[in-house]
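Enquirer: Below are the sequence and a predicted model; questions follow.
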Amino acid sequence: MRRSWLVIILGALLIVEVLPSAHAAGQTFFTDCLPSHRAPDDPIVYPKQPGASHLHDFFGNTTTNASSTYAGMLAGGTTCEEPGDTAAYWAPALLSKDGTLIPPRRIKIYYRDRPKPDAKVIAFPPDFRMIAGGMASTGVLSGWNCDGTGLSPTVRIDCSGGTPGHTYVRGEVIFPMCGQLDATGAIVTDSADHRSHVVYGSNKTGCPADHPVQLPAIKVDIRYGVSDCVAAGCSLSSDMSGDVPGSTFHADFWNTWDQSVLEQLVQTQLNS
């Protein structure tokens, strides 16, 4: 009997060791990342041009800056719970009405099997890049909410009366999930506007013929250290005069994951 229990315990320990640490929930896995740093850089829009962008909050990879390279990012550290997630995520900084920076508390990134759960999901190829959200989005694909509430186009919302522990203002961006193929049949990793190589699919028809590859459907939620953005007079570093405060909210994703870890998670969690 003692030998049987020992086998069971050792087997359980082996399972714990082999399974990745990203959290799984049905056909979704997610990773939580703390803020890393802040800089007026954007290595997708303004590569090798430090200071050329509006101010961004960076999450995940700790080395992301205007001069970052794919190879350099792979060697970087991460603020994410999943050690293989050395990808970079960033969004415009949030400010109060007097210009004080409001710190983000954390970002949660969901990787989902949409638009068609029964379709095969293909992992992002190495060095894949995209931007989503802001006024370039169609439909309710980016905006602001309190935990569990619908999205608002403006950041001027008050979450202070919510359930204890769920009173923080939160920004949300849903990324497109249907990828394009080039003439050789490879997934296109970027485009001139950093958006056109990916589109949103339909849960009825899936991905369209011109963007036929179902990639992981990313949704990011960024929780900020503020409960009442009406009183704080919140706005974004990307907002311009005349913009609805917070309406330019967007996020950038650069796939610099440990590629083998990402592919394993996609296969075991989204295609299982």
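Expert: Cool, the structure landed. Numbering: from 1, shown residues only.

Enquirer: show me where pLDDT drops low in the stretch 101-250 of the chain?
Expert: 136-140, 165 (pLDDT under 70).

Enquirer: for it, what spans make up the strands?
Expert: Taking DSSP state E, counting those that start in this stretch to define them, one finds strands in the stretch 101-250 of the chain at 101-102, 104-112, 129-133, 142-145, 170-174, 178-179, 198-199, 213-214, 217-224, 235-236, 250-254.

Enquirer: partners of the longest one, with directions?
Expert: This means strand 104-112. strand 28-33 (antiparallel), strand 217-224 (antiparallel) (DSSP bridges).

Enquirer: Could you export these as a markdown table, including mean neighbour count and distance to T64?
Expert: For every residue, glycine as well, the C-beta is placed using N, CA and C. Below are the strands paired with strand 104-112 laid out as a markdown table (neighbours: other Cβ atoms under 10 Å; distance: least, Cβ to Cβ, whole Å):
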| stretch | mean neighbour count | distance to T64 |
| --- | --- | --- |
| strand 28-33 | 21 | 12 |
| strand 217-224 | 22 | 15 |
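
Enquirer: Export the strands of the stretch 101-250 of the chain as CSV, with columns for distance to A66.
Expert: Listed next are these as CSV, based on distance: least, Cβ to Cβ, whole Å:
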stretch, distance to A66
strand 101-102, 19
strand 104-112, 20
strand 129-133, 14
strand 142-145, 24
strand 170-174, 22
strand 178-179, 26
strand 198-199, 23
strand 213-214, 29
strand 217-224, 21
strand 235-236, 20
strand 250-254, 12
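
Enquirer: Doesn't Q269 belong to a strand?
Expert: No - counting by DSSP: H, G, I helix; E, B strand; the rest coil, Q269 is not found in a strand; it is helix.

Enquirer: which residues touch it?
Expert: A22, A24, Q27, T28, F29, Y111 (Cβ atoms under 8 Å, 6 or more residues apart in numbering).

Enquirer: again, but for T248
Expert: P92, G134, M135, L236, S238, D239, M240.

Enquirer: and stretch 241-250, which residues are buried?
Expert: Going by neighbour count (16 or more other Cβ atoms under 10 Å), the buried part of stretch 241-250 is P245, G246, S247, T248, F249, H250.

Enquirer: Excluding sequence neighbours, find me the nearest residue to Q259.
Expert: Nearest residue to Q259, sequence neighbours excluded (Cβ to Cβ, 6 or more residues apart in numbering): P126, at 5.4 Å.

Enquirer: The one you found and F58: what is the separation?
Expert: Distance, P126 to F58, using Cβ to Cβ, to the nearest Å: 20 Å.

Enquirer: higher neighbour count, the two?
Expert: F58 (25 against 13; other Cβ atoms under 10 Å).

Enquirer: Tell me where the stretch 51-200 of the chain has helices.
Expert: Applying DSSP state H, counting those that start in this stretch to the stretch 51-200 of the chain gives helices spanning 70-74.

Enquirer: who does the residue positioned nearest the centre of the chain bridge with?
Expert: Geometric centre of the chain, nearest residue: V220, 4.1 Å, by Cα atoms, centre = their mean. Beta-bridge pairing for V220 (DSSP bridges): I109, V173.

Enquirer: need the contact list for it.
Expert: Applying Cβ under 8 Å, 6+ apart, the residues near V220 are Y89, A91, I107, K108, I109, Y110, E172, V173, F175, A251, F253.

Enquirer: Among those, which pair sits farthest apart?
Expert: A91 and Y110 (15.3 Å; Cβ to Cβ).

Enquirer: When those two are compared, which one has more neighbours?
Expert: Just comparing A91 and Y110: by other Cβ under 10 Å the higher neighbour count belongs to A91, 25 against 18.
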